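> Next one to model:
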Amino acid sequence: MRFSARTNWNMEESELGRAHRLRLASGKPIADLTASNPTRCGFTFDSSLLAALANPQALDYDPQPRGLLSARQAVCAYYAAHGVTLQPEQIVLTTSTSEAYSFLFRLLCDAGSEILVVQPGYPLFDFLAVLDDVRLNAAPLVYDHGWQIDAEGFRRVITPRTRAIVLVHPNNPTGHFTKPWEAEELARLCREFDLALIVDEVFLDYGFRGVGKSFAADLEGVPVFVVSGLSKIAGLPQMKAAWIVAAGPEAATALERLEVIADTFLSMNAPVQQALPVWLEDRGAIQQQIRARVADNLAELDRQLARLPEVSRLEVEGGWYAVLRIPALRPDEQTVLALLERGVWVHPGYFFGMPDSGWLVVSLLAAVEEFSRGVAGLVDFLKPE
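Residues are numbered from 1 along each chain as shown. Next up is the predicted model:
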């Protein structure tokens, strides 16, 4: 059998993956500082969330390519709470932000087209790009008393094949909210090079000093596509509900084309669409729990790191990750393996596009006792002898 070259991935288990699997199989304890699944971090979910799936209207098959009107109206209400007025016609429902990205790559790109993605960033796009025959170019964030875009670094990697810039707001894992001056720099680049801006806002509600401003409010003269969904907004990744918001010039044409793409797959199921208004309406309960957990764990991280001046926790404004700068004495993979031997599981920085040495990333979502135990193990390991 001959397979597509786009699926010719290296299927071998990584050394880190193998070590983690064997540690789990041994039954030895692990303090998981990579935990990012809210359904497995000890939060309380109301039983009404499941009751919402029993809506009898879900028995009626009403294939709407952009999604049921009631569900899209609920998404509009979510953005209204953020001070943004949208119309249901601007929204296309998808089963995940990954599917939303794939729809947008197909909308904007031909085979061999290029997309700019910000680094450091979550390693989601590599597989999506290959599957959609798109190439990725990394555009840099820099750290100087806080994270910020490097506008000239963006400009240097734009080519005639570039079609869009992908931005995560706030960024994952740096927790950096895009500032107004940065948004204007990006808008200037998009206008100059005829690019679209794709903005992932799944962590928008998790700012440490209030929620951020949505790019759905429009950016003058720039085609903007905002993607988000319930995985973070309502802590429900298993319900597979997300969306695209289209704004800016030629949005109507883009939506017509997106409708055809969505109609080709019709992947959104009826019970979830019927339940979406309830889940969005009730999002406050889980968000409050997550924000409290993240704040407690961030405070605990800072408390323990205070006795380890060799390690610094970089500025973070939102989301549920923290980036640590550690002495670059060895490759980060060796550090992570050594920590795993001590029962602490963390991400190496290179997983997010950082250099191979000097960076670790921890999730702030784990149960407080587990998180504290894991950070204590990390601090003890990194203490100078």
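> Flag the shaky bits of the stretch 51-200 of the chain, pLDDT-wise.
Across the stretch 51-200 of the chain, not a single residue meets the criterion (pLDDT under 70).
> What ranges does it have for its helices?
69-80, 97-108, 125-131, 151-157, 180-193 (DSSP state H, counting those that start in this stretch).
> by contact count, what packs against the second one?
When contacts are defined as 3 or more C-beta pairs under 8 Å, 6 or more residues apart in numbering; DSSP states H and E, helix 97-108 sits against strand 91-94, helix 125-131, strand 162-168, strand 196-200, strand 224-229, strand 242-247, helix 251-265. Glycine gets a C-beta too; all of them are placed from N, C-alpha and C.
> and those as CSV, adding distance to residue 100 and mean neighbour count?
As requested, these are exported to CSV (distance: least, C-beta to C-beta, whole Å; neighbours: other C-beta atoms under 10 Å):
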stretch, distance to residue 100, mean neighbour count
strand 91-94, 4, 26
helix 125-131, 10, 16
strand 162-168, 11, 23
strand 196-200, 9, 25
strand 224-229, 4, 26
strand 242-247, 5, 25
helix 251-265, 10, 15
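> Redo the ones you listed as CSV? Include distance to residue 291.
Formatted as CSV, the helices and strands packed on helix 97-108 follow (distance: least, C-beta to C-beta, whole Å):
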stretch, distance to residue 291
strand 91-94, 26
helix 125-131, 27
strand 162-168, 19
strand 196-200, 19
strand 224-229, 17
strand 242-247, 21
helix 251-265, 32
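> For residue 48, report the pLDDT, please.
In the prediction, the pLDDT value recorded for residue 48 is 85.
> is it true that residue 77 touches residue 280?
Yes. With contacts counted by C-beta atoms under 8 Å, residue 77 reaches residue 280, the gap being 7.0 Å.
> Pick out whichever of the two has more residues nearby.
The residue with the greater number of neighbours, taking residue 77 and residue 280 and applying other C-beta atoms under 10 Å, is residue 280; the counts read 18 against 13.
> dump the residue contacts of that one.
Residues near residue 280 by C-beta atoms under 8 Å, 6 or more residues apart in numbering: 74, 75, 77, 78, 230, 233, 234.
> between those residues, which is nearest residue 118?
Comparing the contacts of residue 280 against residue 118 with C-beta to C-beta picks out residue 233 as the nearest, at 21.1 Å.
> okay but the closest one is in contact with residue 205, surely?
Yes. Counting by C-beta under 8 Å, residue 233 touches residue 205, with 6.1 Å between them.
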